[in-house]
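Peer 1: Sequence first, then the predicted structure, then my questions.
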Amino acid sequence: MSRRCELTGKKANNAFAISHSHRRTKRLQQANLQIKRVWWPSGNRWVKLKLSTKAIKTLEIKGIEAMAKEAGINLNHY
């Protein structure tokens, strides 16, 4: 499985690690992903998703149905 948020699509960002002497080397800034069990009321079951922390906060406001519809995912496969 990739390191990507299943609802928002967030993924790693390319950046530089800058040393004290200002030497720059490539590094990845990974998204803050959490494996979260979310209650799906219309499916009457728990759904296990890999979500970014921003998506978890948004999920509490919008709800799982609306966010899944925006992302274009079918919750029956999770």
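Peer 2: Looks like it arrived, so ask away.

Peer 1: Which residues in the longest helix along the chain does the neighbour count mark as buried?
Peer 2: Assignment by DSSP state H gives helix 53-62 as the longest helix of the chain. Neighbour counts over helix 53-62 (16 or more other CB atoms under 10 Å) mark 55-56, 58-59 as buried. No exception for glycine: its C-beta is placed from N, CA and C like everyone else's.

Peer 1: Now find how far off-centre the helix or strand following it is within its chain.
Peer 2: Following helix 53-62 in sequence order, the next helix or strand is helix 64-71 (DSSP states H and E). Put simply, helix 64-71 sits 13 Å off its chain's centre (CA atoms, centre = their mean, to the nearest Å).

Peer 1: Which strands or helices does helix 64-71 pack on?
Peer 2: Counting contacts by 3 or more CB pairs under 8 Å, 6 or more residues apart in numbering; DSSP states H and E, helix 64-71 packs against strand 33-40, helix 53-62.

Peer 1: tell me which residues form a beta bridge with the closest residue to residue 40 other than its chain neighbours?
Peer 2: Residue nearest to residue 40 in three dimensions, not counting chain neighbours: residue 47, with 4.8 Å by CB to CB, 6 or more residues apart in numbering. Note on residue 47: beta-bridge partners by DSSP bridges are residue 38.
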